[in-house]
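Asker: what's the 3D shape of this:
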Amino acid sequence: MGTIKNGRQSGKVGKTVTYLLNGKLVTRTIGKSTKPASDLQNAVRQRTKLTSKFLQTLKEFILVGYELDARQFKELPQNQAFRYNWKHASAGSYPRIRINFSKVLLAFGSMPLPKGLTVVASEGGFNFSWAVQEGLSGTHWSDQVMLVAYFPALKRAAYRTAGVARYEGTDLLPIFDIAHGVVAETYIAFISNDRKSISNSVYTGKVTW
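Answerer: Take a look at the predicted model:
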């Protein structure tokens, strides 16, 4: 908003901004810079675009995976997920920046994870397995498994936010309408039955569908 003081205008008015520069009153037009973007600027834009598009594919999963963390900071889950993954889950330099899937975090929390995490492709989807550790502090037999398979070549994902209970030790993530022969990046997490506790997600590797 522009103001007038001692007969002089300053501030923004319409598409112009007026200000003192070295004792002189300067008015300039506000608009897009005509200077070419630097490599740093281009790198930031590329990382932002890559991260946003990737996380958008998993929006419903992230709403659950980051809900508890976001609540602490009075933020949106997708904002928290974006901040973490923008900073930690990209690799390379412009113009060849890519998502580092092994660093991606799709759920954020302090619940302990089980050992022996594995995933293999089967006829109906991906079979995830884990060790059943009874009495592990911070966990409960009724905790539910959360599963993800992301297909980079297709930019598509399959996931479950409420799978079987922890005590089952294995669960199937069904895959529909995706032809065999493509590679999936896979992840697993656990959430309490009352949705008051959640683990970090864990990258469980590449699996060919």
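Asker: center of this protein - which residue?
Answerer: Note on the chain: the residue nearest the mean C-alpha position is residue 81, at 4.0 Å, using Cα atoms, centre = their mean.
Asker: lowest-confidence helix or strand of this protein?
Answerer: One helix or strand of the chain scores below all others by mean pLDDT, DSSP states H and E: strand 3-5, with a mean of 45.
Asker: rewinding a little: which other helices and strands does the one helix or strand the residue nearest to the centre of the chain maps to contact?
Answerer: Under the criterion of DSSP states H and E, residue 81 resides in helix 77-88. The contact analysis (3 or more Cβ pairs under 8 Å, 6 or more residues apart in numbering; DSSP states H and E) places helix 77-88 against helix 39-57, helix 59-65, helix 67-72. For glycine as for every other residue, the C-beta is placed from the backbone atoms N, C-alpha and C.
Asker: and the first one, what does it pack against?
Answerer: Going back to what we said before, that points to helix 39-57. Using 3+ Cβ pairs under 8 Å, 6+ apart: helix 39-57 touches helix 77-88, strand 90-91, strand 98-99.
Asker: to residue 112, which of those lies closest?
Answerer: helix 77-88 (19.8 Å; Cβ to Cβ).
Asker: report the buried residues of the closest one.
Answerer: 77, 78, 80, 81, 82, 84, 85, 86 (16 or more other Cβ atoms under 10 Å).
Asker: pretty sure the second one sits against residue 59.
Answerer: Yes - between residue 78 and residue 59 there is a contact under Cβ atoms under 8 Å: 6.5 Å.
Asker: just to revisit the earlier point, now do the helix holding residue 81 against helix 39-57, angle only.
Answerer: Counting by axes from the mean of the first three to the mean of the last three Cα atoms, to 10 degrees, helix 77-88 lies at 140 degrees to helix 39-57.
Asker: what comes into contact with helix 77-88?
Answerer: With contact meaning Cβ atoms under 8 Å, 6 or more residues apart in numbering, helix 77-88 is reached by 47-48, 51-52, 54-55, 59, 62-67, 69-70, 73, 103-106, 108.
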